[in-house]
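In: I would like to see how this sequence folds:
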Amino acid sequence: MIRIGAHLHDGDPLAQAEEIGADAVQFFLGDPQDWKAPVFPRDPAEMRATFEAAGVDAYVHAPYLVNVASPNNRIRIPSRKILDQQLKAAASIGAKGLIVHGGYVTAGTDPQEGYDSWRKAIERIDRPLPMLIENTAGGDLAMARGLDGIARLWQTIDDASGDTSDIGFCLDTCHAYTSGEDLADIVQRIKAVTGRIDLVHCNNSRDEFGSGRDRHAPLESGRIEPKLLLDVVRAADATVICETPDPGVDVRWLRQQLAD
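Out: Numbers count the residues shown, from 1 in each chain. From the prediction side, this is the model:
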């Protein structure tokens, strides 16, 4: 059975996950708009033990500020530092993976510089648990927008020295749709590039196809046909996280639809 969970923002993530009947939960370790070191809601060892006892999978999302592709040293270097800290912190609580956005370069910068910066980050940062790179919705200079960008990023990963088997992929359905990618065969096309999909962010979109906007909608009421979202989830056959306005409702809806 596909494990279904939600991104939850406040309080005790395990307690909230159990309240909505989720098999998995994604959360931040601290303020997602802050450069500070990770903050634990409880003792890390205790969190690991309670997640294991409850049978709930934990996933940590890196702060939104992280951009290891940036040509700006004041962003790129702190991004590497916080990514390293987040990976270690997520491992300490027994998380299944750390999700990070692909980042971007600024106008006037050759995108290759961003991919080169990613290669250096991959070679220099230890990964005590899987690092899952998420596709993004907008930005012509984004490293992981659309299949072409993802293919260049995965070529960079392949070119990096050392073991990269712990670098995986997180498919966000809203991001794929608004980046202009057809969801009908997105799973097959992504796997042809990355060889894997480790996690699905199952989100509908408030905005039209190819808009480049990142605004999530409830699974049954966005621009994406709900049946298409179900087809993606089934084809990916990976753990699902709902990052929607009322994720508890969508967790229950997904579980019911997948059981039919």
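In: Hmm, Val39 is touching Phe27, no?
Out: No - contact criterion CB atoms under 8 Å: Val39 and Phe27 do not qualify, at 11.1 Å. Where you see a C-beta, it was placed from the backbone N, CA and C, and this is true even at glycine.
In: between those two, who's got more neighbours?
Out: Phe27 (24 against 11; other CB atoms under 10 Å).
In: for this protein, longest helix please?
Out: helix 73-92 (DSSP state H).
In: so where do the helices sit in this structure?
Out: Under DSSP H, the chain gives helices at 13-20, 44-54, 73-92, 111-124, 146-159, 173-178, 186-194, 226-236, 247-259.
In: Point out the most buried one among those.
Out: Of all the helices of the chain, helix 173-178 carries the top mean neighbour count, a mean of 27, counting by mean count of other CB atoms under 10 Å.
In: any idea how far Glu19 is from Pro13?
Out: Between Glu19 and Pro13 the distance is 11 Å, computed by CB to CB, to the nearest Å.
In: what sits in contact with each of those two?
Out: By CB atoms under 8 Å, 6 or more residues apart in numbering, Glu19 and Pro13 have no common neighbours.
In: shaky segments in the stretch 51-200 of the chain?
Out: Across the stretch 51-200 of the chain, nothing is flagged by pLDDT under 70.
In: switch to 90 and redo it
Out: 138-140 (pLDDT under 90).
In: still on that earlier bit, export the longest helix of the chain as CSV, just CAs?
Out: The C-alpha coordinates for helix 73-92 follow below in CSV (Å, rounded to 0.1, in the frame of the first residue of the first chain):
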residue,chain,number,x,y,z
ASN,A,73,28.7,33.8,-2.1
ARG,A,74,26.5,35.3,0.7
ILE,A,75,23.7,32.9,-0.3
ARG,A,76,25.6,29.9,-1.7
ILE,A,77,28.0,29.4,1.2
PRO,A,78,25.4,29.7,4.0
SER,A,79,23.1,27.4,1.9
ARG,A,80,25.7,24.7,1.9
LYS,A,81,26.2,25.1,5.7
ILE,A,82,22.5,25.0,6.5
LEU,A,83,22.0,22.0,4.1
ASP,A,84,24.7,20.1,5.9
GLN,A,85,23.1,21.0,9.3
GLN,A,86,19.7,20.0,8.1
LEU,A,87,20.8,16.6,6.7
LYS,A,88,22.5,15.8,10.0
ALA,A,89,19.5,17.0,12.1
ALA,A,90,17.0,15.0,9.9
ALA,A,91,19.2,11.9,10.3
SER,A,92,19.3,12.3,14.1
